[in-house]
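1. Need coordinates for the below:
(2 chains)
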Number of protein chains: 2
Amino acid sequence: MALSDDVRIALDGKWRHVREQSRKDLAALDLAFDHDLTLDQARARVRSSSCRSRRCQRGTGDPGMAVTGIEMLAQFDLSLMVKAGVQWGLFGGAIENLGTDKHHQAYIPGLINLDILGCFAMTETGHGSDVQSLETTATFDPATEEFVIHSPTPSSRKDYIGGAAAHAQVGAVFAQLVTKGENHGVHCFLVPLRDDKGNDLPGVTTSDDKHKGGLGAVDNGRLVFDQVRIPRENLLNKYGHVDEGGTYSSPIDNANARFFTMLGTLVRGRVSVGGSASAATEVALSIAGRYALKRRQFSSEPGQEVLLMDYRMHQRRLLPLIARSYAYRFAQNQLVARMDRIQSSEEPPPPHQQRELESRAAGLKAAQTWHATKAIQEAREACGGAGYLAENRLTTLKGDTDVFTTFEGDNHVLFQLVAKELLTAYAAEVGGLDPVGLVRFAASTVADVVKERTAASQLIQRLIDARPGKSDDDHDLLDRGTQLSLFEDREEHVLETAARRLRRAGSDKAEAFTVFNSAQDHVIRAGRVHIERIVLEAFTAGIARCESPEAQELLRDVCSLYALTSIEEDLAWFMGHNRLADTRAKTVTTLVNELLEKLRPHTLTLIEGFGVPEETLGAAMLVD
Amino acid sequence: MALSDDVRIALDGKWRHVREQSRKDLAALDLAFDHDLTLDQARARVRSSSCRSRRCQRGTGDPGMAVTGIEMLAQFDLSLMVKAGVQWGLFGGAIENLGTDKHHQAYIPGLINLDILGCFAMTETGHGSDVQSLETTATFDPATEEFVIHSPTPSSRKDYIGGAAAHAQVGAVFAQLVTKGENHGVHCFLVPLRDDKGNDLPGVTTSDDKHKGGLGAVDNGRLVFDQVRIPRENLLNKYGHVDEGGTYSSPIDNANARFFTMLGTLVRGRVSVGGSASAATEVALSIAGRYALKRRQFSSEPGQEVLLMDYRMHQRRLLPLIARSYAYRFAQNQLVARMDRIQSSEEPPPPHQQRELESRAAGLKAAQTWHATKAIQEAREACGGAGYLAENRLTTLKGDTDVFTTFEGDNHVLFQLVAKELLTAYAAEVGGLDPVGLVRFAASTVADVVKERTAASQLIQRLIDARPGKSDDDHDLLDRGTQLSLFEDREEHVLETAARRLRRAGSDKAEAFTVFNSAQDHVIRAGRVHIERIVLEAFTAGIARCESPEAQELLRDVCSLYALTSIEEDLAWFMGHNRLADTRAKTVTTLVNELLEKLRPHTLTLIEGFGVPEETLGAAMLVD
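-> Residues are numbered from 1 along each chain as shown, chains lettered A, B, ... in the order given. Down below sits the predicted model:
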């Protein structure tokens, strides 16, 4: 077996069979985006692709398989991935996780086989990341035992909703539940939107977001409700129930805790988006990498032009991005496995575990989607003019993934969420993202949070314990234990200093905001460095699980390239905080260059390791 | 007069009257891009827009006015800017600068009034930045006194040529001139492409690049020539002439020098692209900035949501980009003024001045276009879901400007060019970008090159001389002299160490390439830090020229924000090279945050200073 097969097997992870099957099934479906289609034509086409790809999906029952299936769709067509994600992941996920038996029976078979087309109507024009402040209301009318869904203001209009512009017949609509004059917070309601002919139902006004930066086949749109009446049963009532007389009840007393429990069940959306961003990035790097192994430019001597990939600068541009994609794939695989374990269990997970899962999903989504934006842009630039032509797919990948940095949660907000969980040591009292709560509950010590490793913790500790002394030699920065310890140490320091700054505030609310605000970049940075540490640990654990010694050896260099380029990007911090003395800091760049030279001959192997079959890349410049 | 008017006047620079007029004229033309049009419709529309905007153009006679006019087009529609740039700037520029009287008389009136539509056929599928290696041949046939234009290989196909897919009737085609069996290097030829009905002429095969990442109305395409015969007179023969008998002659003996002289006359293209990228960036930052002053999200206390612009993180994201856009505008104005002076002079410029102009145009083009890519992306993300809708224009700006990083020269290659000129102290012998030449001619001292300031040199020197001592107080980094000296010092050091590395190579060609290659990132970095210094000097000089003391005061803070965020991005270098001790380095971030707080109340003034009228922004979310 070729080395690249061993590498691919390591990257494919637990749901390798899903990936293998999808590679074959989806390649046969001719899913490439066609830029000549009008909006309507593109939407009709993706609708038919959804039907054709249905058998490639593994339903919503097995969470790991389902998310892996979505990631594989992303490798082929991101519009299709989003349409499938909305239908089966978000709409289906809301019904499955927030609804009860009657909803499951009434909707799940139909939504799986696409007889019922749904949408997920959470975001409003006025409120995106701050879901708790949604304005749409669902007021219970005991006279008719109905909820009245209403959009009270222009900013309460549901917006950017995939499916709302054209296809969706039913919406999973998030609204403030009001009964007996009391607001019980945001809940989810099933609201019929269109009749059989596709016309808006009475009181419902749909409209079209039309063209976007990408995802040209997704019919994003808007919903406005004018006193729309739905039966009481259409409340997805697992976490909040209203009886015939209008009395509200819930298994979770605290409204804040209830809200976050409900949102928490929808974690699969973020996991899917992060994984899909990574899948698209792997495609882009496969295209740019293969082009760099084919294209020559400028002569080193007359008549002998140099391969792009042989230029140091080109290696500098592409190989660290490839290494980071490897790192994220291992981290994503670990996340999916954890999500699968938690969601497949009969028992509800301990709250701490659930919160940690959500936090990690949020952080990895942010890290992966920003990496996608950066790497796909670099891939496109690395192909020059050819990279700008739609026929070479890179600009489509860029446009399609662009929204991922802000949907399913704005990335800055998500890193802030990660930091909040760490800074409050997952304190049960602190829900939401309000700065005041964060300031009040900032934990007095965060070291324990950092130390609490959940993956391969013994292995990690062993590596850290065995690291060489600082001055042993120039190459100690290639030691995994040294790298892990640098990452861990940085996280602990950034978290502790952030906590100290926050604790300075008294209990005055205005002051609390000022204190939070002046530390906001520090807080967000805490979330970011935490994720970098988690990712390095996941890469380390992934290498340990790999069964081919030869592949392990290669992966070790890739992992070091990820670790050292991460350190290089943050070098001023490591120097300024006496983690790396000047002379040692200077070796970082030298070692990176050594790794580039060492990995250069393996470029094709690393690209093949991504497991994106060459014939599915869809880039004209690679064909001739 | 409002402060923002004073600021705008400072930014508008010498060709303010062109800007003022264009703001009015172009706003009346309804130029917004329409995503519902097909390729053909969009192309037809931009063709009509070209006609309608013609009177806003100032011809090719006055270089400063012409480039400023192009920049203003970019503020409204980048497809139109590219079409105009191709027709009047590139095609017209080639005829004007490489042709002689007979060409001027025959073509210039027609190309100005659009009776003759041209294209600029330089790039080939196989060769972009390396123009010297173009494969298309123009072989003189003395029997008929014709040149035979031919594409000998698939990679010699002309590609990405604006106008080639549909509109162009004539091409300014770059090809290797061969006569009497000898190749005299790349020259430019006028080749008729289409007949009156738009059909390809015999031997010419045009084809279509179709959809791209943006510039949806530009008809980029390909040209293949099969032994196409053109009259001898169609050689643009200012720098190279072939007589009836096929004898070649040129005012410049050295083929290399001749080639770079010819290319050098086309500098206006790069100047226009850099300026247009900046104009588009200013539009994007105006949109995102105004949105941040309107949109609220999350509460600091119940019922009171916070303006996006009041979040520290949001200030961190947008204000440094605005500051950098200010810096580039001052630098661009300076560059345009210099180009205008040189190109308007009756005398040919001294070679050193011409080379410096080219080098600066190359470097500023790279800096401005990368800034555009980064800033427009950030602007789009800063507007969340709304930023992704085409109706808010940011994704169109992103897609349209994306190609600027690689066309008119790949940015990495351009920074390498800048470095090469500095490293060889503009040695006349060194043409081209071949690494061997660079290694052989690396100057023994580069300090003189750095010191040789051309703008406001006395002012700069006075500021540097008057800088406070290092330990005077925490705020010395706000002193302009200190900042200038840090930038100058860094450039000198980076250049000298690069030169030292290159000189290590012997005369062996293979070794020369290896040495060059291992230092390539260092060399490119030299070009980059040079441009950062030039830009800071231009900003400083621009403030000195501003006539309003209040505007000067504001601009001083903006300039410091540019300088300090630049230093912050490169902090590891300043620390590692003992330019900033640890404690002083830590004040950089503190000072940046202080500046953000100080500039926050002036956000709208700074946006208005860009001079993009609110009613021309074309972002739906700002209207309601």
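
2. phi, psi of A:Leu29?
-> The phi and psi values for A:Leu29, taken as degrees, to the nearest 10, are phi -90, psi -10.

3. sec struct for the closest residue to it other than its chain neighbours, please.
-> Residue nearest to A:Leu29 in three dimensions, not counting chain neighbours: A:Arg52, with 5.4 Å by CB to CB, 6 or more residues apart in numbering or on different chains. Backbone N, C-alpha and C define where each C-beta goes, glycine included. Three-state assignment for A:Arg52 (DSSP: H, G, I helix; E, B strand; the rest coil): helix.

4. Likewise for A:Phe120?
-> A:Phe120 ends up strand, using three-state DSSP.

5. can you count the residues close to it?
-> 27 (other CB atoms under 10 Å in any protein chain shown).

6. So what pairs up with it in the strands?
-> A:Ala172 (DSSP bridges).

7. what sits against it?
-> A:Val86, A:Leu90, A:Phe91, A:Ala94, A:Ile161, A:Gly162, A:Gly163, A:Gly171, A:Ala172 (CB atoms under 8 Å, 6 or more residues apart in numbering or on different chains).

8. my guess is the first one meets A:Tyr160, correct?
-> Right, A:Val86. No - counting by CB atoms under 8 Å, A:Val86 does not reach A:Tyr160; the two are 11.2 Å apart.

9. show me where pLDDT drops low in chain A?
-> Across chain A, the ranges flagged by pLDDT under 70 are A:55-61, A:427-437, A:440, A:443-455, A:470-474, A:506-507.

10. all strands of it, in order?
-> Taking DSSP state E to define them, one finds strands in chain A at A:118-121, A:137-141, A:146-150, A:158-162, A:170-179, A:182-192, A:204-208, A:220-225, A:228-231, A:241-242, A:248-249, A:296-301, A:304-307.

11. winner for burial among those?
-> strand A:118-121 (a mean of 29; mean count of other CB atoms under 10 Å in any protein chain shown).

12. Off-centre distance for it?
-> 19 Å (CA atoms, centre = their mean, to the nearest Å).

13. How about stretch A:101-109?
-> Distance, centroid of stretch A:101-109 to centroid of chain: 28 Å (CA atoms, centre = their mean).

14. before we move on, the earlier item: I'd like to know which of the strands of chain A is closest to B:Ala66.
-> Closest approach to B:Ala66 among the strands of chain A is made by strand A:296-301 (31.5 Å; CB to CB).

15. And chain B, is that closest one touching that?
-> Yes - contact of strand A:296-301 with chain B (CB under 8 Å from any CB of the partner chain) involves A:Gln297, A:Phe298, A:Ser299, A:Ser300, A:Glu301.

16. what's A:Ala164 in contact with, if anything?
-> Contacts of A:Ala164 (CB under 8 Å, 6+ apart): A:Cys119, A:Ala121, A:Lys158, A:Gly171, A:Leu193, A:Thr206, A:Asp219, A:Asn220, A:Gly221, A:Arg222, A:Leu223.

17. same question, A:Asn333
-> A:Leu11, A:Gly13, A:Lys14, A:Ala538, A:Gly542.

18. One more pass at 10 Å, please.
-> A:Asn333 sits next to A:10-16, A:64, A:68, A:275, A:538, A:541-542, A:545 when contact means CB atoms under 10 Å, 6 or more residues apart in numbering or on different chains.

19. returning to what we had before: out of the contacts of A:Phe120, which is nearest to chain B?
-> For the contacts of A:Phe120, the closest approach to chain B (CB to the nearest CB) belongs to A:Ile161, at 9.9 Å.
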